[in-house]
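>>> Provide a 3D model corresponding to the input given below.
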Amino acid sequence: MSQGRRHCRNCYHPLTGEYCGHCGQREGRSDRRFFDLAGELTGDLLDFDSRLWRTLLFLLFRPGFLTAEFIAGRRARYLPPLRLYLVISFITFLVLSLFIPDTIRLSDDKAANGDEAVVVTIDTDSADAEDSAVDPNDLDLQIGLAQEDSPQWLKDLEQRLESNTGRLLKDPADFVATVVEYLPQVMFLLLPVFALLVQLVYLLSPFHYLQHLVFALHYHSFAYLFYLFTAVLEVSGVKVEDLLMIGLLVYLPLAFRRCYGSGWWGAVGKALLVYISYALVLVLGFAAMVVVTIALL
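Below you'll find the model as predicted:
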């Protein structure tokens with residue numbers, strides 16, 4: 001304990017040892033030295049018995065367990081569902097924003113390098129090949145979204161979509177970067193919809209909507225974390241094209257069984273209903289996001 005310190009700096013309770021007997025905060029080290037403060041900051045991360053690592057292990061390998069524990073009232077030993085979702089989603093979308101636009105630009109560069117050979121081959125076979133090339137700036141796209149009697153805001157939206165389509169075709173990486181920027185907000189807004197779908201398939205159960213929302217937070221946290229895992233395998237050269245889809249398909253019925261006590265057939269049937277319904281919601285949500293993104297380019 002620091003010389004002269006007799007009270008906890010967090011709750012001002014009298015100290016009798018290295019840890020505060022009232023709130024549990026450690027007061028045995030001074031935070032004036034760099035290594036002491038760094039040790040405090042990284043202590044929970046490096047401690048494999050901490051709530052973070054315990055929560056991640058149960059999230060990955062025991063589907064539905066964390067939600068069942070939350071409903072049963074055993075919550076202090078695990079990371080709170082919303083905090084878990086925010087941490088994992090932040091890391092996931094940060095990785096997406098860093099790597100996806102660069103990947104697209106790299107693909108464009110490869111395509112540009114290959115264009116020369118393609119053009120030579122085409123020119124050998126056809127003298128009109130050059131005329132068939134389309135310049136994105138020369139496109140005159142007519143969407144047909146608004147009619148003559150449509151509101152002015154709809155006409156303005158159509159005009160922006162038409163004018164920005166050329167920019168989209170010319171620089172798709174910029175478009176994808178903007179989509180990734182809005183993707184976290186869209187997915188967060190869709191969480192209550194997923195919870196509502198779960199409530200509909202368990203309409204006669206004693207569980208209420210907020211408990212289904214906790215389930216949605218845990219399921220999406222697993223989806224993001226599993227995506228990061230498969231992305232690391234892909235970067236390492238391991239081919240796992242179908243692993244992500246299989247993991248998501250298997251995880252949901254297993255989570256339904258453990259969390260809600262469903263039988264096998266009931267869990268699988270309810271999972272299929274949620275999958276199909278949520279897929280439609282995702283399509284509509286992403287379509288709206290793409291339209292908004294093009295309009296804001």
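
>>> contacts and neighbour counts: CA atoms only from here.
Noted.

>>> and the closest residue in space to residue 23 that isn't next to it in sequence, how close does it get to residue 24?
In this structure, residue 23 finds its nearest non-sequential neighbour in residue 11, 6.9 Å apart by CA to CA, 6 or more residues apart in numbering. According to CA to CA, to the nearest Å, residue 11 stands 10 Å off from residue 24.

>>> lowest-confidence helix or strand of the chain?
Least confident element among the helices and strands of the chain, by mean pLDDT, DSSP states H and E: helix 34-46 (a mean of 60).

>>> just after that helix, pick out the following helix or strand.
If you walk from helix 34-46 toward the C-terminus, the next helix or strand you reach (DSSP states H and E) is helix 51-61.

>>> give me the mean pLDDT for that next one.
Here helix 51-61 scores 90 as its mean pLDDT.

>>> ok, stretch 87-104 next?
In the prediction, stretch 87-104 has an average pLDDT of 76.

>>> can you give me the buried ones in stretch 205-216?
211, 212, 213, 214, 215, 216 (16 or more other CA atoms under 10 Å).

>>> output it as PDB, nothing but the C-alphas.
The C-alpha coordinates for stretch 205-216 follow below in PDB (Å, rounded to 0.1, in the frame of the first residue of the first chain):
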ATOM      1  CA  SER A 205     -43.400 -19.200 -23.700                       C
ATOM      2  CA  PRO A 206     -42.900 -17.400 -20.300                       C
ATOM      3  CA  PHE A 207     -40.000 -15.400 -21.600                       C
ATOM      4  CA  HIS A 208     -40.500 -11.700 -22.300                       C
ATOM      5  CA  TYR A 209     -39.100  -9.400 -25.000                       C
ATOM      6  CA  LEU A 210     -36.100  -8.000 -23.100                       C
ATOM      7  CA  GLN A 211     -34.900 -11.500 -22.500                       C
ATOM      8  CA  HIS A 212     -35.100 -12.200 -26.200                       C
ATOM      9  CA  LEU A 213     -33.200  -9.000 -26.800                       C
ATOM     10  CA  VAL A 214     -30.400 -10.300 -24.600                       C
ATOM     11  CA  PHE A 215     -30.500 -13.500 -26.700                       C
ATOM     12  CA  ALA A 216     -30.200 -11.300 -29.800                       C
END
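
>>> so what touches it?
Surrounding stretch 205-216, the residues in contact under the criterion CA atoms under 8 Å, 6 or more residues apart in numbering are 64, 67, 71, 81, 82, 191, 192, 194, 195, 196, 198, 199.

>>> which of those residues fall in helices?
Of these, the ones assigned to helices by DSSP state H are 67, 71, 81, 82, 191, 192, 194, 195, 196, 198, 199.

>>> could you report the neighbour count for the closest residue to the fourth one other than its chain neighbours?
Residue nearest to residue 82 in three dimensions, not counting chain neighbours: residue 217, with 6.6 Å by CA to CA, 6+ apart. Taking other CA atoms under 10 Å as the neighbour definition, residue 217 ends up with a count of 25.

>>> same deal with residue 276?
Residue 276: 11 surrounding residues under other CA under 10 Å.

>>> what is the helix or strand it falls within packed up against?
Counting by DSSP H and E, the element that carries residue 276 is helix 264-296. Judged by 3 or more CA pairs under 8 Å, 6 or more residues apart in numbering; DSSP states H and E, helix 264-296 is in contact with helix 152-170, helix 172-201, helix 243-260.

>>> quick check: angle from the helix or strand following the second one to helix 172-201?
Read it as helix 172-201. Sequence order places helix 209-235 as the next helix or strand after helix 172-201, per DSSP H and E. If you take axes from the mean of the first three to the mean of the last three CA atoms, to 10 degrees, helix 209-235 sits at 140 degrees to helix 172-201.

>>> if anything else comes up later, I'll come back, but that's it for now.
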